[in-house]
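K.L.:
This is the structure alone, sequence omitted:
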């Protein structure tokens, strides 16, 4: 069953049906184009929204609810990237194909219409020839009948001469011969017309219908494939989108009131005890009642000795000449604040000391390699660097010992009491002395993955030299630094700075873009393979162990050596 046999007399209707198919293909192409624009615009707006709400200040990430919100905003940025991928894939794999299909359909349909017009023209021409032959035959027949009637009348008329009768007879015979000839011509045209008509309806037009049928079959199959391709493109992004949603839920699990409550206590607790009850003083029995037991907040009702005396105001308040001076042992702060600052300082020195020791170990191994193979580098240069490292280690060790002694002394410091008259002032003074916002307290769960071990690192001379985009890290040196046992992502608590301390580290925001300057195979567990020139997003910075947690544009995440990348401006 085909269009050529079933619809031989409905060519115009079939042609109209194919035009509807072309219109559907054109609508699908336009729909895909507009969807690509919408997906791209949506992705750009989502990215701008996410970036506008991601804070660049560390203090904005103190609260667990802030951490959950920022985690959600980061995942929204990744979701925007997937919508951008959908737009690019649809334009490359669906819209372009639909455009090509539409052009092919229009050309094939135009060709079929031209062939049909040609074949119909031949058939109509043959019908014209047949009609002409038929008319000639009918005319010859009428003339023959007229000549026969004239001959019959002439032959029956007795007044006509024999010569006139013979003329009429000859005319009749001529007309009769002419009729027979036109009759034969007409019969020949009938046979020819039948032959042309059979060829038209049995061979030529069925071929045209077949071409249209094949064109429609290809259109329907291609449209089906394009619709499936659209769904597959959407489906390919679902795993990453689901992962982003799961990460949002994990970010929401960080939000915890108990942790925020403890954070407020840790940030603002002074360590002073609640003031004791005020004793009643009998004024009538008092010998000297000139002293006002309630000092004025403006300092007008107290003596000079009272304004200078040490105590709650001497620690928190104002009036001391040393108010704006920061001491190394933080003794100008309340007990708890002092202990937190000292602990934070010792942790910072320990981390710096561990980092310097790792670098020293790496230099020792590098010096050993250079001694074995002088073509790789000069061991004397490394020896100078080792001397500098030793000096830095000594300085850090002395500094660490000093602060450990401060901690020991602070532990022996007696707890001060505040009287009830100064309670309100002490509370306001405590808030004043801690105007700096508390630093970030990490509440994220400890990750169980371990950091990989570097199989090779570039030498100092190679690190300082210009690196081409596709260059690989030198593989002739095998350095395996010893990394601390603390797993990446372990929670750390840093103490808030006091009003007199502004020694903040350089702000580092997750999402910083970096570029790989060396290739890395990522063969160890937890690491990520990369090529020189790859752009990556920093998830966690180097915490002194030589590794950085990064993420690719496709959502893959892992650790890479810190010396193998450089941060973009």
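P.N.:
Structure's in. What do you need? The model shown is predicted, which means the values in this text are computed figures rather than measured ones.
K.L.:
and after the helix ranked longest in the chain, which helix or strand comes next?
P.N.:
As assigned by DSSP state H, the longest helix anywhere in the chain is helix 96-156. Sequence order places helix 162-199 as the next helix or strand after helix 96-156, per DSSP states H and E.
K.L.:
buried ones in that next one?
P.N.:
168-169, 171-172, 175-176, 178-179, 182-183, 185-186, 189, 193, 196 (16 or more other CB atoms under 10 Å). Heads up, the C-betas are built off the backbone N, CA and C, glycines and all.
K.L.:
Also compute the angle for that helix relative to helix 96-156, please.
P.N.:
On the basis of axes from the mean of the first three to the mean of the last three CA atoms, to 10 degrees, helix 162-199 is oriented at 160 degrees to helix 96-156.
K.L.:
What's the mean pLDDT across helix 162-199?
P.N.:
Average pLDDT, helix 162-199: 89.
K.L.:
Distance from it to the middle of the chain?
P.N.:
In terms of CA atoms, centre = their mean, to the nearest Å, the centre of helix 162-199 is found 88 Å from the chain centre.
K.L.:
Which elements pack onto that helix?
P.N.:
Judged by 3 or more CB pairs under 8 Å, 6 or more residues apart in numbering; DSSP states H and E, helix 162-199 is in contact with helix 96-156.
K.L.:
what packs against the helix it packs on?
P.N.:
Secondary-structure packing of helix 96-156 (3+ CB pairs under 8 Å, 6+ apart): helix 11-53, helix 162-199, helix 205-236.
K.L.:
want to try JSON lines for those helices, with distance to residue 364 as columns?
P.N.:
Formatted as JSON lines, those follow (distance: least, CB to CB, whole Å):
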{"stretch": "helix 11-53", "distance to residue 364": "44"}
{"stretch": "helix 162-199", "distance to residue 364": "97"}
{"stretch": "helix 205-236", "distance to residue 364": "49"}
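K.L.:
Pick the one among the buried residues of helix 162-199 closest to residue 53.
P.N.:
Distance to residue 53, by CB to CB, is smallest for residue 196 among the buried residues of helix 162-199, at 78.7 Å.
K.L.:
picking up where we left off before, from the buried residues of helix 162-199, which single one is nearest residue 254?
P.N.:
Closest to residue 254, out of all of the buried residues of helix 162-199 and judged by CB to CB, is residue 196, at 85.8 Å.
K.L.:
how close does residue 147 sit to residue 157?
P.N.:
16 Å (CB to CB, to the nearest Å).
K.L.:
Between these two, point out the one with more neighbours.
P.N.:
Using other CB atoms under 10 Å as the criterion, residue 147 and residue 157 rank with residue 147 on top: 21 against 12.
K.L.:
In contact with that one, which residues are there?
P.N.:
168, 171-172, 174-176 (CB atoms under 8 Å, 6 or more residues apart in numbering).
K.L.:
need the contact list for the residue most central in space within the chain.
P.N.:
The chain has residue 81 as the residue nearest its centroid, 1.8 Å off, counting by CA atoms, centre = their mean. Counting by CB under 8 Å, 6+ apart, residue 81 makes contact with 43, 47, 553.
K.L.:
Neighbour-wise, which one of the residues you listed leads?
P.N.:
residue 43 (21 neighbours).
K.L.:
thinking that residue is in contact with residue 78, fair?
P.N.:
No - applying CB atoms under 8 Å, one finds residue 43 not in contact with residue 78, separated by 10.8 Å.
K.L.:
Could you count how many residues lie near the closest residue to residue 234 other than its chain neighbours?
P.N.:
Among residues not flanking residue 234 along the chain, residue 86 sits closest, at 6.5 Å (CB to CB, 6 or more residues apart in numbering). Applying other CB under 10 Å, we find 21 other residues in the vicinity of residue 86.
K.L.:
Let me see the contact set for residue 86.
P.N.:
The contact partners of residue 86, by CB under 8 Å, 6+ apart, come to 39, 233-234, 237.
K.L.:
Please report phi then psi for residue 566.
P.N.:
For residue 566, the backbone dihedrals are phi -130, psi 140 (criterion: degrees, to the nearest 10).
K.L.:
That one - how many residues pack around it?
P.N.:
Neighbours around residue 566, by other CB under 10 Å: 13.
K.L.:
That one reaches residue 515, doesn't it?
P.N.:
Yes - using CB under 8 Å, residue 566 is in contact with residue 515, at 5.7 Å.
K.L.:
residue boundaries of the helices in the stretch 201-350 of the chain?
P.N.:
Remark: helices assigned in the stretch 201-350 of the chain by DSSP state H, counting those that start in this stretch are 205-236, 238-254, 257-268, 304-308, 312-316, 335-372.
K.L.:
would JSON lines of the ones you listed with mean neighbour count and mean pLDDT be doable?
P.N.:
Listed next are the helices of the stretch 201-350 of the chain as JSON lines, based on neighbours: other CB atoms under 10 Å; pLDDT from 0 to 100:
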{"stretch": "helix 205-236", "mean neighbour count": "16", "mean pLDDT": "91"}
{"stretch": "helix 238-254", "mean neighbour count": "14", "mean pLDDT": "91"}
{"stretch": "helix 257-268", "mean neighbour count": "14", "mean pLDDT": "85"}
{"stretch": "helix 304-308", "mean neighbour count": "11", "mean pLDDT": "37"}
{"stretch": "helix 312-316", "mean neighbour count": "22", "mean pLDDT": "36"}
{"stretch": "helix 335-372", "mean neighbour count": "18", "mean pLDDT": "86"}
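K.L.:
And those: which comes nearest residue 72?
P.N.:
Among the helices of the stretch 201-350 of the chain, the nearest to residue 72 by CB to CB is helix 238-254 (4.9 Å).
K.L.:
shaky segments in the stretch 451-569 of the chain?
P.N.:
Within the stretch 451-569 of the chain, the stretches with pLDDT under 70 are 451-511.
K.L.:
ok, now the stretch 51-200 of the chain?
P.N.:
For the stretch 51-200 of the chain, residues meeting the criterion pLDDT under 70 lie at 58-61.
K.L.:
picking up where we left off before, ok now the longest helix of the chain, how far from the chain's centre?
P.N.:
What separates the centre of helix 96-156 from the centre of its chain is 68 Å, taken as CA atoms, centre = their mean.
K.L.:
Just the angle for that helix relative to helix 11-53, thanks.
P.N.:
Computed by the same axes, to 10 degrees, the angle separating helix 96-156 from helix 11-53 equals 170 degrees.
K.L.:
got the angle between helix 96-156 and helix 205-236?
P.N.:
Here the directions of helix 96-156 and helix 205-236 differ by 170 degrees (the same axes, to 10 degrees).
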